[in-house]
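In: I need the structure of the sequence given here:
(one chain, ligands or ions: 1)
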Amino acid sequence: MSTLTTPAAGAVPRPLVVRTVAIDDPGDLLALLPDGAPLAWVRRGDGIVGWGEVLRVPVRGPDRFAAAEDAWHEVLAHAIVRDEVDLPGTGPVAFGSFAFDEDSPAGGVVVIPRVVVGRRGGQAWLTTIDTGATIGATPTLATAVGERAPVTAPGPVSYSDGAVDDAGWRDVVTRCVAAIRAGEVEKVVLARDVRAHAAEPVDARWVLGRLAGGYPSCWTFSVDGMLGATPELLVRSDKGLVTSRVLAGTIRRTGDDAADLTRAAILAHSSKDLEEHEYAVTSVADSLAPFCSSTNVPDVPFVLHLPNVLHLASDVTGVLRAAVAGHSPAPSSLALAAALHPTAAVCGTPTAAARALIARVEGLERARYAGPVGWFGADGDGEWGIALRCAEIDAADPREIRLFAGCGIVSASDPESELAESEAKLVPMRQALATD
Ligand SMILES: C=C(O[C@@H]1C=C(C(=O)O)C=C[C@H]1O)C(=O)O
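Out: Numbering: from 1, shown residues only. Prediction:
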């Protein structure tokens, strides 16, 4: 039986006073963050960063997304808002990160920061969220940022096996291929973890700066100790337009650009990868369809070039229906994320059978890996990525980190190649933890 934790009556500080003002370009958003558990959602230098906590709402169970949304509405119902910028990410903002599995003790969390700094298309803003009863003096960036401890390196990092060692994981892949050939599922996504032990407590800002620098086309995120740079956007909703970037089908990069171009062409024509991709796109398009008056699914994927891997990628878009039964007036980005999760890109096809197979053979507590991570605002619009290419810093001992990676398994999958692919997907976090 899953328990659901919503804030106890009276736990929501009220009223919240939210003030957004335009500011001069603040430079690197990530450089504004304090040490500790900073909040971030940044891509190509734009996005939002936040710190401080007005409210934290832990959630659990199959209704964790709805519980988070209810808590957010409760907060908003008592908020006094003055937003002088009015862009996505201005006004009240909540960050969230949710467990992959509904039975996971990791559950999820929504954090409402005290300060948010954002930038979009050349316009920057500062939002302060407070519990005072009135709108105070105009906030300034200098006051909001205050003193910052210098960013520290993690020092030497050693690695050890996670829940399942390499040989064990190859066996799990073999079992899954057998299950696929026996008709139990069509595709399943198998993940593994690796443990990193750093000499010094890991400063999230060190990791985030390196991830954003190395992977600018990914969404660099940090929510409550979960941090990474994901190339996969589960859903963005922006004034009625819904977008999802679906990835599935991967090859490792060799470091030789000419060879990689050849590999990209092979990827674009590989029936194994195209099949894997098709499952993922269909699962997203089918889940979005009930909420949309129209959807657009590209006929063929493009090849997304990242420094470590190449992916087959499709941007699925849709126009939200103004009113959908059960949602008034339209579902929030988090409700859409809940409807989409888990996609075939991180679970498999059919969903229920793949989920059951994962629970039976994977041997890993995924916690918030492969779950939705992102933010949403007062109107419900927001962006939710899939927590991939990421790690979780141990709250009790920030020198201990768990890195995660997974691979889509289909009938033609080879255990050794899948292990190598998972290693390639660990590269961004390994590099981000390095000192060089
Ligand atoms: C599961 C992961 O990645 C997913 C699996 C992919 C694949 O198998 O080709 C590609 C991108 C992601 O959808 C991961 O990075 O951990």
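
In: for Leu310, give me phi and psi.
Out: Dihedral angles of Leu310 (phi, psi; degrees, to the nearest 10) stand at phi -110, psi 140.

In: which stretches of the stretch 301-436 of the chain have low pLDDT?
Out: For the stretch 301-436 of the chain, the stretches with pLDDT under 70 are 323-328.

In: near the ligand, which residues of it?
Out: The stretch 301-436 of the chain comes close to the ligand at residues His311, Ala345, Val346, Leu388, Arg389, Ala405, Gly406, Cys407, Gly408, Lys425, as judged by Cβ under 6 Å from any ligand atom. (C-beta placed from N, C-alpha, C; glycine too.)

In: reformat those as TSV; add neighbour count and secondary structure.
Out: Shown next, in TSV, are these (neighbours: other Cβ atoms under 10 Å; DSSP: H, G, I helix; E, B strand; the rest coil):
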residue	neighbour count	secondary structure
His311	23	strand
Ala345	30	coil
Val346	26	coil
Leu388	24	coil
Arg389	30	coil
Ala405	24	strand
Gly406	26	strand
Cys407	23	strand
Gly408	28	strand
Lys425	25	helix
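
In: farthest-apart pair in those residues, please.
Out: Using Cβ to Cβ, those reach their maximum pairwise distance at Arg389 and Gly408, which is 15.0 Å.

In: residues in contact with the closest residue to Leu126 other than its chain neighbours?
Out: Using Cβ to Cβ, 6 or more residues apart in numbering and skipping residues adjacent in sequence, the residue nearest Leu126 is Ile23, 4.8 Å away. Contact partners of Ile23, counting by Cβ atoms under 8 Å, 6 or more residues apart in numbering, are Val117, Ala124, Trp125, Leu126, Thr140, Leu141.

In: wait, is the first one part of a helix?
Out: Okay, so that is Val117. No. Val117: not assigned to a helix; according to DSSP: H, G, I helix; E, B strand; the rest coil it is strand.

In: partners of it in the sheet?
Out: When assigned by DSSP bridges, Val117 has beta-bridge partners Val49, Leu126.

In: which pLDDT value goes with it?
Out: Each residue has a pLDDT score; the one for Val117 is 98.

In: quick check: which element contains the residue nearest to Arg252 when sequence neighbours are not counted?
Out: Leaving aside its sequence neighbours, Arg252 sits nearest to Ala424 (Cβ to Cβ, 6+ apart; 4.2 Å). Here Ala424, judged by DSSP states H and E, is contained in helix 415-433.

In: what about that helix, distance to the chain center?
Out: Computed by Cα atoms, centre = their mean, to the nearest Å, the separation of helix 415-433 from the middle of its chain amounts to 18 Å.

In: likewise stretch 53-64?
Out: On Cα atoms, centre = their mean, the centre of stretch 53-64 falls 16 Å from the chain's centre.

In: what is the end-to-end distance of it?
Out: With Cα to Cα, to the nearest Å applied, stretch 53-64 spans 20 Å between its terminal residues.

In: and that stretch, which residues are buried?
Out: Residues Val54, Leu55, Val57, Pro58, Val59, Arg60, Gly61, Asp63, Arg64 are the ones in stretch 53-64 that count as buried (16 or more other Cβ atoms under 10 Å).

In: restricted to strands, list these.
Out: Under the assignment DSSP state E, the buried residues of stretch 53-64 contribute Leu55, Val57, Pro58, Val59 to strands.

In: now stretch 193-204 - C-alpha only, PDB.
Out: Extracted in PDB, the C-alpha atoms of stretch 193-204 (Å, rounded to 0.1, in the frame of the first residue of the first chain):
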ATOM      1  CA  ASP A 193      24.100   2.100 -11.400                       C
ATOM      2  CA  VAL A 194      27.700   2.700 -10.500                       C
ATOM      3  CA  ARG A 195      29.000   4.100  -7.200                       C
ATOM      4  CA  ALA A 196      31.400   7.000  -7.100                       C
ATOM      5  CA  HIS A 197      33.300   7.900  -3.900                       C
ATOM      6  CA  ALA A 198      34.800  11.400  -3.900                       C
ATOM      7  CA  ALA A 199      37.500  12.600  -1.600                       C
ATOM      8  CA  GLU A 200      35.600  15.700  -0.800                       C
ATOM      9  CA  PRO A 201      31.900  16.400  -0.400                       C
ATOM     10  CA  VAL A 202      30.600  16.900  -4.000                       C
ATOM     11  CA  ASP A 203      29.700  20.600  -4.700                       C
ATOM     12  CA  ALA A 204      26.800  20.300  -7.000                       C
END
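
In: who's in contact with it?
Out: 33, 35-38, 151-163, 222, 225, 227, 364, 369, 391, 393, 397-405, 426, 429-430, 433.

In: now, of those residues, which are buried?
Out: By 16+ other Cβ under 10 Å, those give 33, 35, 37-38, 151, 153-154, 157, 162-163, 222, 225, 227, 364, 369, 391, 393, 398-405, 426, 429-430, 433 as buried.

In: secondary structure element for the residue nearest to Asp273 when sequence neighbours are not counted?
Out: Nearest non-adjacent residue to Asp273, counting by Cβ to Cβ, 6+ apart: Gly249, 3.1 Å away. Element membership for Gly249, per DSSP H and E: strand 241-252.
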